[in-house]
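> Got a predicted structure here, sequence first:
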Amino acid sequence: MFKKILIANRGEIAVRVIRACHEMGIAAVAVYSDVDRAALHVRKADEAYPIGAAAAAESYLNIGKILEVARQSGAEAIHPGYGFLSENARFAEACVDAGVKFIGPTAAAMNAMGSKTRARQAMERAGVPFVPGTSRGLESIEEAEEVAARIGYPVMLKAAAGGGGKGMRLVPTPDQLKSSLEAARSEAERSFGDSEVYIEKAIVNPRHIEMQILADEHGNTLYLGERECSLQRRHQKVLEEAPSPIVDAEMRRRMGEVAVRVARAANYTNAGTVEFLVDPQKNFYFLEMNTRLQVEHPVTELVTGLDLVHLQIRIAAGEKLQLRQEDVSIRGHAMECRIYAEDPDNNYFPSPGKITLLLAPSGPGIRRDSGMYEGWSVPMDYDPLLAKLIGYGSDREQAIARLTRALGEYFVGGIKTNISLFRRILADADFRAANLDTGFLDRMLRRKDDQQVDPQAVQVAAIAAGIFAVLGGAAAAAGERANDTSAGKSVIASNWKNASRREALR
Ligand code: MV4
């Protein structure tokens, strides 16, 4: 087993991996950019090294710098977390060249999945079901018209180098095909430097369900059940759960076996995720494979009782999986809320700043994977994910009840967060009935009646204003500073202002 691992990441996922290292008796090496000197992952690691300026290209994407720290610190392996270098085949290759074990799949497996058309060709050979369409780039508008007419509208144009929704275009009718193809091509060229575009039949109102897989370096490949990830906005997942409310044991076995076939076809090792689109009739189609540990891995951990990061490290160290498929079982229900530093009243725009007060929930059935602490300032340079709050229960209802209770306990002062969004989602009748698809959140956010204020909330606000008026007034009378925590700064309280506020509340 490794004695020391470098974590080439930041935030909650770096903390998550450091925890696994410590549980396994492994020393953890952190790297940090200029703005992350005081970040939580730096504090929790056994050693920490600066790697450059805030811009990710200078630090967390800087392959040379990170390998230099690995050499200097004597780390034998690197865990990339998610994002940053986690799916970069050149980095995986550079690790091999530097004699450091990359905790993840090989560069070859990443490359096999990197091009969507190449992945489709491989899956065609492996007999994996995918959405009807082409498995190579479109040569001409005539070809596009011919294929679209054969598979039927609506169709979807996708960039071969894309993924995660970038460079994708929905074409509802034939008259829009030509302009959409031109637009998709130029967007693909601009975003990926590769104008290859292919065509698929569009699935209307699909669910997004993904299967976790795990493969050791001795030919053993397992599936660990699915995650329902349909609640997303602008291709950003917001809430995930396991198991999917629509997947029964038989469908899980079929999806799992397909996912294992996908992984085997790519000679895949370590942890990976096979994404499926599921239509309203529960037909499922291979979409793409994510060659990393995912943000939402905790829901799988809670329902399987397995620690995915421990298993990743063991696999990378060359151990054989001690687990057989029949040992994997799903128990209970787990649900994850992604807590972002963003402003619900300003179209969920990022809201960096100093965390002035932090009251964190815990208690039965609650797991919190967090990268923040009170007094820390959220930098504006990275993804605004602050923490993940995960609820677990014996069934979906209990998981929702515990999560709702925990969200009520959560208070993050000084910055705006999307915590209130989850209270709305968890209270939604369609959500509770598990009527979900990838359009759910947009529909919920557009609904007017949902946005009307709760009369009780108005009373609570009035009471809070009253308390502020009295306490703020007292502070002003004593010539002290009153804390205006909502703006994250101190203000001199004005006796005049306080007097008029008290008047207004009479
Ligand atoms: C689709 C689709 C419908 N039909 N493909 C979006 C992300 C990218 N990885 C694939 N995506 C989609 N591909 C066909 N043939 C609908 C989506 C899609 C989607 C997929 C998963 C999760 C959320 C989504 C939101 C909008 C569209």
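The structure has been received and is ready for your questions. Computed from a prediction, not measured in an experiment: that's the story for all the values here.

> Just give the nearest non-adjacent residue to residue 112, would you?
Closest residue to residue 112 apart from its sequence neighbours, by CB to CB, 6 or more residues apart in numbering: residue 266 at 4.4 Å. No exception for glycine: its C-beta is placed from N, CA and C like everyone else's.

> top strand in this protein by residue count?
In terms of residue count, the longest strand belonging to the chain (DSSP state E) is strand 221-233.

> Quick check: which ranges of the chain have low pLDDT?
Counting by pLDDT under 70, the chain shows low-confidence ranges at 448-453, 472-494, 498, 501, 503-506.

> okay, now residue 471: neighbour count?
14 (other CB atoms under 10 Å).

> does it sit in a helix, a strand or a coil?
helix (DSSP: H, G, I helix; E, B strand; the rest coil).

> Which secondary structure state is assigned to residue 368?
Per three-state DSSP, residue 368 ends up strand.

> Quickly note the distance from it to residue 437.
Relative to residue 437, residue 368 is positioned 28 Å away (CB to CB, to the nearest Å).

> what's the nearest residue to residue 178 once chain neighbours are set aside sitting at in phi/psi?
Leaving out its chain neighbours, the residue that sits closest to residue 178 by CB to CB, 6+ apart is residue 141, at 5.4 Å. Taking degrees, to the nearest 10, you get phi -70, psi -30 for the backbone angles of residue 141.

> hang on, isn't residue 272 packed against residue 213?
Yes. If you go by CB atoms under 8 Å, residue 272 and residue 213 touch, sitting 5.2 Å apart.

> now the residue nearest the centre of the chain, nearest residue through space, not along the chain?
For the chain, residue 295 is the residue whose C-alpha lies nearest the centre (CA atoms, centre = their mean; 3.9 Å). Distances taken as CB to CB, 6+ apart place residue 82 nearest to residue 295, at 5.8 Å, with adjacent residues excluded.

> Name the SS class of that neighbour, please.
Assigned with three-state DSSP, residue 82 falls in the coil class.

> how about the residues of the stretch 1-150 of the chain near the ligand?
Residues of the stretch 1-150 of the chain found near the ligand (CB under 6 Å from any ligand atom) are residue 131.

> For the ligand, what is the nearest residue in the stretch 1-150 of the chain?
For the stretch 1-150 of the chain and the ligand, the shortest gap (CB to the nearest ligand atom) falls at residue 131, measuring 4.3 Å.

> And that residue, its phi and psi?
Note on residue 131: its backbone torsions stand at phi -60, psi 130 [degrees, to the nearest 10].

> wait, what's in contact with it?
Going by CB atoms under 8 Å, 6 or more residues apart in numbering, residue 131 touches 156, 200, 201, 203, 277, 285, 287.

> Any idea what the first one is bridged to?
When bridges are called by DSSP bridges, residue 156 pairs up with residue 170, residue 200.

> Pretty sure it sits against residue 172.
No. Using CB under 8 Å as the test, residue 156 is too far from residue 172 to be in contact (10.4 Å).

> Could you tell me the end-to-end distance of stretch 432-445?
Distance between the two ends of stretch 432-445: 16 Å, counting by CA to CA, to the nearest Å.

> is that stretch anywhere near the ligand?
Yes. Looking at stretch 432-445 against the ligand by CB under 6 Å from any ligand atom, the contacts come from residue 438.

> farthest pair in the contacts of residue 131?
201 and 287 (12.9 Å; CB to CB).

> Would you mind telling me which of those two has more residues around it?
Of the pair residue 201 and residue 287, residue 287 is the one with more neighbours under other CB under 10 Å, namely 23 against 18.

> helix, strand or coil for the more buried one?
With three-state DSSP as the criterion, residue 287 reads strand.

> which ones are touching it?
By CB under 8 Å, 6+ apart, residue 287 lies in contact with 130, 131, 208, 275, 276, 277.

> Could you rerun that using 6 Å?
For residue 287, the contacting residues are 275, 276, 277, by CB atoms under 6 Å, 6 or more residues apart in numbering.

> among the residues you listed, who's most crowded?
residue 276 (24 neighbours).

> partners of the helix or strand harbouring it in the sheet?
Using DSSP states H and E, residue 276 sits in strand 270-278. When pairing is defined by DSSP bridges, strand 270-278 lines up against strand 207-215 (antiparallel), strand 284-290 (antiparallel).

> contacts for the first one?
What that stands for is strand 207-215. Identification of contacts with strand 207-215 by CB under 6 Å, 6+ apart yields 221-224, 226-230, 244, 255-256, 259, 263, 268-269, 271-276, 278, 300, 311, 437-438.

> ok, now stretch 38-53?
Here stretch 38-53 makes contact (CB under 6 Å, 6+ apart) with 10, 14-15, 18, 27-34, 58-59, 62, 65, 69, 73, 371, 373.

> ok, residues contacting stretch 370-383?
Residues outside stretch 370-383 that contact it (CB under 6 Å, 6+ apart): 11-12, 15, 35, 40, 54, 341, 352, 354-355, 358, 386-387, 415.

> which bits of the stretch 301-450 of the chain sit near the ligand?
So far as CB under 6 Å from any ligand atom goes, the stretch 301-450 of the chain lies against the ligand at residue 438.

> so where do the helices sit in the stretch 301-450 of the chain?
Using DSSP state H, counting those that start in this stretch, the helices of the stretch 301-450 of the chain run over residues 308-316, 396-409, 419-427, 429-432, 440-446.

> and if you look at the stretch 51-200 of the chain?
Under DSSP H, counting those that start in this stretch, the stretch 51-200 of the chain gives helices at 63-73, 89-98, 107-114, 116-126, 141-151, 177-192.

> tell me which residues of the first one are tucked away?
Think helix 63-73. Across helix 63-73, burial judged by 16 or more other CB atoms under 10 Å covers 63, 65, 66, 67, 69, 70, 73.

> which one is the fifth one nearest to, not counting chain neighbours?
Going back to what we said before, that points to residue 69. Spatial nearest neighbour of residue 69, chain neighbours left out: residue 49 (4.5 Å); criterion: CB to CB, 6+ apart.

> And for the second one?
Closest residue to residue 65 apart from its sequence neighbours, by CB to CB, 6+ apart: residue 51 at 4.5 Å.

> Next, find the distance separating that neighbour from residue 66.
From residue 51 over to residue 66 (counting by CB to CB), the distance is 6 Å.

> what's the burial count for the residue nearest to residue 166 when sequence neighbours are not counted?
With sequence-adjacent residues excluded and distances taken as CB to CB, 6+ apart, residue 166 is closest to residue 191, at 5.8 Å. Per other CB under 10 Å, the neighbour tally for residue 191 reads 13.

> go on, residue 465?
The local packing of residue 465 (other CB under 10 Å) involves 15 other residues.

> does it sit in a helix, a strand or a coil?
At residue 465 the chain is in helix, as set by three-state DSSP.

> OK, contacts around it?
Counted by CB under 6 Å, 6+ apart, residue 465 has zero contacts.

> Stretch 156-173 vs the ligand: in contact?
Yes. Part of stretch 156-173 sits near the ligand under the criterion CB under 6 Å from any ligand atom, namely 156, 163, 164, 165, 168.

> Setting aside sequence neighbours, what's the nearest residue to the last one?
Of all residues beyond its chain neighbours, the one nearest residue 168 is residue 158 (5.1 Å), with distances taken as CB to CB, 6+ apart.

> what about the one you found, distance to residue 196?
Taking CB to CB as the measure, residue 158 falls 10 Å from residue 196.

> Neighbour count: these two, which is higher?
For residue 158 versus residue 196, neighbours defined as other CB under 10 Å are more numerous around residue 158 (27 against 20).

> that older thread, can you give me the distance of the residue nearest to the centre of the chain to residue 369?
Residue 295 sits 9 Å away from residue 369, going by CB to CB.
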